[in-house]
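Engineer: kindly generate the corresponding structure for this input.
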Amino acid sequence: MREPDPPLLVPHGRLRPWRVEDASTLVEAWHDADVSRWNPVPADPSDERARDWIEGCPERLRRGRSLDLCIVDDDDLVVGEVGLSGFDPAHGGAFIGYWLLPRARGRGTCAAAVSEVSEWALDQLGLRALVARCATANLASHAVARSAGYAHAGRDGDHELYVRRRSDTG
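Structural biologist: Coordinates of the predicted model:
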């Protein structure tokens with residue numbers, strides 16, 4: 001597992017690894033009603049917890065557990081995140097997750113970031129498929145998945161599944 005090199009670009013920004021100095025923005029996200037409603041958030045969404053989580057990113061990457069990239073604007077300020085997790089080497093798949101802070105919503109930023117990470121992961125990591133697992137009621141997440149080239153693939157309990165496959169595997 002590795003990070004994209006060179007960094008992936010999105011309109012008015014790019015994707016990069018988390019830095020400890022981003023901790024306050026991560027706490028802001030954890031306190032956002034939409035982010036916390038649709039994503040796992042720690043019970044203690046504090047600066048200390050955010051720093052611990054960020055400091056753990058390189059180890060999770062090294063162990064092949066997750067790749068977490070923040071979406072930053074042209075001023076290098078964090079506006080969201082895209083991450084890969086749940087890698088399944090036997091099937092060549094992984095889950096993709098994402099969130100965006102309110103100040104960056106509605107401009108296509110998240111869909112662009114999800115699309116860039118997806119293309120990179122399918123081309124450079126050798127994955128055959130990525131799955132976005134969206135709560136049925138999270139319409140914004142569904143729109144991001146569709147805009148990023150994911151096709152609806154069914155249901156898993158109260159979640160809709162969207163899949164994006166490498167073009168040479170169908």
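
Engineer: need the strands for this structure, in chain order.
Structural biologist: Taking DSSP state E as the criterion, the chain contains strands spanning 9-10, 13-17, 66-73, 78-88, 93-100, 129-135, 151-156, 159-165.

Engineer: just give me how far the fifth one sits from the chain centre.
Structural biologist: It stands for strand 93-100. For strand 93-100, the distance between its averaged C-alpha position and the chain's averaged C-alpha position is 4 Å (C-alpha atoms, centre = their mean, to the nearest Å).

Engineer: got the angle between it and strand 159-165?
Structural biologist: Angle, strand 93-100 to strand 159-165, by axes from the mean of the first three to the mean of the last three C-alpha atoms, to 10 degrees: 110 degrees.

Engineer: so in that sheet, which strands flank strand 93-100, and in what orientation?
Structural biologist: Looking at strand 93-100 with DSSP bridges, its partner strands are strand 78-88 (antiparallel), strand 129-135 (parallel).

Engineer: residue contacts, the spatially most central residue of the chain?
Structural biologist: Per C-alpha atoms, centre = their mean, the C-alpha nearest to the average position across the chain is that of Val82, at 1.9 Å. Listed by C-beta atoms under 8 Å, 6 or more residues apart in numbering, the contact partners of Val82 are 15, 69, 71, 96-98, 110, 113-114, 117. C-beta here means a position set from N, CA and C on the backbone, and glycine is covered the same way.

Engineer: many thanks, have a good one.
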